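Engineer: Structure for the following, please:
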Amino acid sequence: MAKNYKKIYRKNKEKIITSMMQLGTYRPQFDVSIEVLARTLTDIEANLDEWEAQSKEQGYTHRQMVIEFTNKSGATNLMKNPYYMNDLQLKESAMKYFKELGFTPNALNKLGNPSGEVNDPLEQFLNEVS
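Structural biologist: Purely as a prediction, here's the structure:
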């Protein structure tokens with residue numbers, strides 16, 4: 001059954017906005033970055049689905065990171081699976097947007113932690129003790 005990636009994109013976008021609202025960091029100025037992150041997360045899912053399908057076609061039960069490649073002269077070599085390389089690049093891109101939107105503790109602190117919540121367990125413990 002084919003996945004509806006438009007629906008997945010909308011769901012990802014809603015999750016991002018909801019999470020940002022819970023953190024108190026959502027502002028309409030972030031909408032473009034939110035859309036890019038939602039698209040990237042959707043692309044990651046699509047890439048993983050295609051990668052899994054390719055691996056199953058080749059008789060494997062899990063995603064293959066390395067594949068055999070036959071060059072023009074007929075020599076067969078191992079190379080990194082292009083789906084694996086795409087996965088790395090997409091996740092790196094997503095992480096940049098997660099940081100930009102305040103989804104990491106460090107980025108949240110740079111945004112001023114508008115919710116006032118203490119996210120670090122050690123910091124929370126120290127605040128309770130003092």
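Engineer: low-scoring stretches of this structure, by residue?
Structural biologist: Scanning the chain for pLDDT under 70 picks out 1, 113-130.
Engineer: hmm, 50 instead?
Structural biologist: Regions of the chain meeting the criterion pLDDT under 50 are absent.
Engineer: ok, longest helix in it?
Structural biologist: helix 31-57 (DSSP state H).
Engineer: which residues are in contact with the helix or strand hosting Ile17?
Structural biologist: Secondary structure from DSSP states H and E places Ile17 in helix 5-23. Applying CB atoms under 8 Å, 6 or more residues apart in numbering, the contact partners of helix 5-23 are 26, 30, 34-35, 37-39, 41-42, 45-46, 101-103, 108, 114-115, 117. Every residue, glycine included, has its C-beta placed from N, CA and C.
Engineer: if you set the cut-off to 6 Å instead, what comes out?
Structural biologist: 26, 34, 37-38, 41-42, 46, 115 (CB atoms under 6 Å, 6 or more residues apart in numbering).
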